[in-house]
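Chemist: Predicted model and sequence follow; I will ask about them next.
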Amino acid sequence: MKRIILISLFACAALLLGRTEASAWGKLGHSTIGYVADTHLSPKAKAALHEYLDGVTLAAIASDADLFRGQWTLDLGFVPTNPEASRVSFVTTFDFTTPLNISPYSHSITVDENYKCYPTDNLDGAYINNAAYYVDRLAAELKEKADEMDEYERYKAIALIVHLVGDMHCPMHIVYNPVNTIKGHADVIWKGKETSLHSMWDGKLFTAYYDWGFVDMSKLVDTATKKQIKEITKGDIYDYASDSARNSWPAVCAYGAGDTLPASYVTDMRPVLFSQLRNGGYRLAAIFNENAPLMRAASESRRASSR
């Protein structure tokens, strides 16, 4: 387990040094979602994850996947059907105006005109971005054979779930098919300087006026009642993705390439920012609350039967 802790520390250091590609929320946003989830884990889920991660929290591993995601997803067997054909078909079908990283790893979601998230990573023969599909697959794999994995493989699966749930709640990581592309790459003007919408949601929305830590951010966003949390976590991962897309649309459609963001942009986007971070945390906890006890029970049952 020392290996897992060292990997997590190495990932944090690399992220702080800027050695990764753009992340959906940046480290602060992902850690906020992880911290909210940590706070809302059931006792059984918390015990199972404590065992699997040797006490390392979800907040601490929330950004690990940004450093290792390419190899991890290859290791887990996630590859697009006919990658080369998919690359051409994907860009043609969805009319993207910017280069895309069509890889075996997807950290975005794709929804239709009714915000429905597809339960697949292949649509009409074309590979599509669908983090929700990968979370679904990873959760099922953990539930069915967590005890058969070595500790590193299990850690990878858990870390990817944590990160991908965060990704799918970032407005800049949602593809609206067929009316809109991912706008994260769009260049805009903010305070007289050129930046990207992705950069705004990576960190500038968090730090424009105050250098928040993830515990501070968690306290700001974790304000729902038990009744509201029950409503937010109703349904499955694809329902979560659909609701995320619906809630994110005002932020996605508001500005595009070349636009100058108003001085009020941070304030204007704060309701979407807060609700997406909050919902991501609650839903991440719900996924582990549902699956982690089953993972641990299956593990204990198999160990007992082998004695």
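Modeler: Right, received. Where do you want to start?
Chemist: elements contacting whichever helix or strand Gly166 is part of?
Modeler: Gly166 belongs to helix 151-167 when elements are defined using DSSP states H and E. Other helices and strands packing on helix 151-167, by 3 or more Cβ pairs under 8 Å, 6 or more residues apart in numbering; DSSP states H and E, are helix 2-16, helix 26-39, helix 43-53, helix 58-61, helix 65-75, helix 131-145, helix 265-305. Every residue, glycine included, has its C-beta placed from N, CA and C.
Chemist: I'd like the distance from it to the chain centre, please.
Modeler: Helix 151-167 sits 10 Å away from the centroid of its parent chain (Cα atoms, centre = their mean, to the nearest Å).
Chemist: average model confidence for that helix?
Modeler: Averaged across helix 151-167, the pLDDT comes to 91.
Chemist: Buried residues of the next helix or strand after that helix, list them for me.
Modeler: Following helix 151-167 in sequence order, the next helix or strand is strand 174-176 (DSSP H and E). The neighbour-count criterion (16 or more other Cβ atoms under 10 Å) identifies 174-176 as the buried residues of strand 174-176.
Chemist: Next, format those as JSON lines and append distance to Ala263 and pLDDT.
Modeler: Below are the buried residues of strand 174-176 laid out as JSON lines (distance: Cβ to Cβ, whole Å; pLDDT from 0 to 100):
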{"residue": "Ile174", "distance to Ala263": "26", "pLDDT": "89"}
{"residue": "Val175", "distance to Ala263": "29", "pLDDT": "85"}
{"residue": "Tyr176", "distance to Ala263": "27", "pLDDT": "85"}
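Chemist: of those residues, closest to Ala285?
Modeler: For the buried residues of strand 174-176, the residue nearest Ala285 by Cβ to Cβ is Ile174; the value is 21.5 Å.
Chemist: Without its sequence neighbours, what residue ends up closest to the closest one?
Modeler: Ala245 (5.0 Å; Cβ to Cβ, 6 or more residues apart in numbering).
Chemist: I'd say the one you found and His173 touch.
Modeler: No: when contacts are counted by Cβ atoms under 8 Å, Ala245 is not listed as touching His173 (10.1 Å).
Chemist: what residue ranges in the stretch 1-150 of the chain are flagged as low confidence?
Modeler: In the predicted model, the stretch 1-150 of the chain carries pLDDT under 70 at residues 1-24, 69-106, 125-127.
Chemist: Revised request: answer the last question for the stretch 201-307 of the chain.
Modeler: Filtered on pLDDT under 70, the stretch 201-307 of the chain yields the residue ranges 209, 296-307.
Chemist: rerun at 90
Modeler: 202-213, 250-257, 291-307 (pLDDT under 90).
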